[in-house]
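K.L.:
Quick one: sequence and predicted model below, then my questions.
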Amino acid sequence: MSDPSHTPGDSGDQPTATAGDESRSGGRGRERGSGGRSGGRLAGLAARLPAVEVLLPVVCVLAGLLLVGSELLDTFTIENPEGEAIATIGAADRHSFAFGLLGLLAIAGTVIAVLASSRPAAVGVAAVGLIALILFVIIDLPDAGASDLILERDDAFTEGRAVAGGGFWISLIGAITLSIAGTLLATLSPTQLGRLQSSQDRPRPARDRSSAKTSRPNEKETRP
């Protein structure tokens, strides 16, 4: 005989989870797992990327090499009205190798600033870049595209126009790059300059994938 006090709504049994509920919870678990894995990949990629401070000395050295290399090229090519090259003007003869000397000073200053954690040396690198840029604006830039009478081989005068050559553009790129990178390097403190050397010497630890796998909770075991 059934108990009249027992009704279907007062049943103490727990509701049974349906297949749809299990599939939805499993999908949410997979989404959380994939999101965690993608986040871990992005974090690992960001950890492997070098900081901006580490790149500054490299950029300064490359800019100094550009200034030295520009002195080995022609700053201008003189062309007649027909567009024929009738003469060239070398950068070393035009600058008396001043840009090359500035490039060597920039490289030496960058090395001293990093190895000795010397901020005055970093300030010197910035000053060298500004000097190179000022010399370029004063000496080379006004003559770009200038025209004048040129004495040709047959002792006849013709109009010649100065066309910027490879040395012109490379010295411009080197001077601008050294000015910007050197100024940023000069803003670093001696402590930050010292960390540049330690970051170059310190080996990067390899990622322990096995520990990462074991630390990740198993979805099947944690699912109720």
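P.N.:
Noted; the coordinates are in hand.
K.L.:
Can you tell me what sits against stretch 131-141?
P.N.:
Stretch 131-141 is contacted from outside by 67, 75, 94-95, 98-99, 102-103, 168, 171-172, 174-176, 178-179, using Cβ atoms under 8 Å, 6 or more residues apart in numbering. Quick note: C-beta positions are derived from backbone N, CA and C, even for glycine.
K.L.:
Buried residues in that stretch, which are they?
P.N.:
Of all the residues in stretch 131-141, those buried under the rule 16 or more other Cβ atoms under 10 Å are 131, 132, 133, 135, 136, 140.
K.L.:
cool, stretch 66-73 as well?
P.N.:
If you call a residue buried by 16+ other Cβ under 10 Å, then stretch 66-73 has these buried ones: 66, 67, 68, 69, 70, 71, 73.
K.L.:
Contacts only, for the fifth one.
P.N.:
Taking Cβ under 8 Å, 6+ apart, we find residue 70 in contact with 91, 99, 100, 166, 167, 170, 171, 174.
K.L.:
same deal with the last one?
P.N.:
Listed by Cβ under 8 Å, 6+ apart, the contact partners of residue 73 are 90, 91, 165, 166, 167, 170.
K.L.:
Distance of it relative to residue 162?
P.N.:
15 Å (Cβ to Cβ, to the nearest Å).
K.L.:
Parallel or antiparallel, which strands does the longest strand along the chain pair with?
P.N.:
The longest strand of the chain (DSSP state E) is strand 157-164. Looking at strand 157-164 with DSSP bridges, its partner strands are strand 74-79 (antiparallel), strand 147-151 (antiparallel).
K.L.:
so which of those gets nearest residue 193?
P.N.:
Closest to residue 193 of the strands paired with strand 157-164 is strand 74-79 (Cβ to Cβ; 34.8 Å).
K.L.:
May I see the buried residues of that closest one?
P.N.:
For strand 74-79, by 16+ other Cβ under 10 Å, it's 74, 75, 76, 77, 78, 79.
K.L.:
what sits against the fifth one?
P.N.:
Translated: residue 78. Here residue 78 is in contact with 85, 86, 87, 88, 89, 150, 160, 161, 162, 163 (Cβ under 8 Å, 6+ apart).
K.L.:
again, only using 10 Å
P.N.:
84-89, 147-148, 150, 158, 160-163 (Cβ atoms under 10 Å, 6 or more residues apart in numbering).
K.L.:
coming back round to it: which of the contacts of residue 73 are buried?
P.N.:
For these, buried by 16+ other Cβ under 10 Å: 91, 165, 167, 170.
K.L.:
So which of those is the closest to residue 55?
P.N.:
Closest to residue 55, out of all of these and judged by Cβ to Cβ, is residue 170, at 20.5 Å.
K.L.:
now the protein, which segments are flagged as low pLDDT?
P.N.:
Within the chain, the ranges that satisfy pLDDT under 70 run 1-50, 149-157, 198-224.
K.L.:
picking that back up, with respect to residue 58, which of the contacts of stretch 131-141 is nearest?
P.N.:
Nearest to residue 58 among the contacts of stretch 131-141, counting by Cβ to Cβ, is residue 178 at 12.3 Å.
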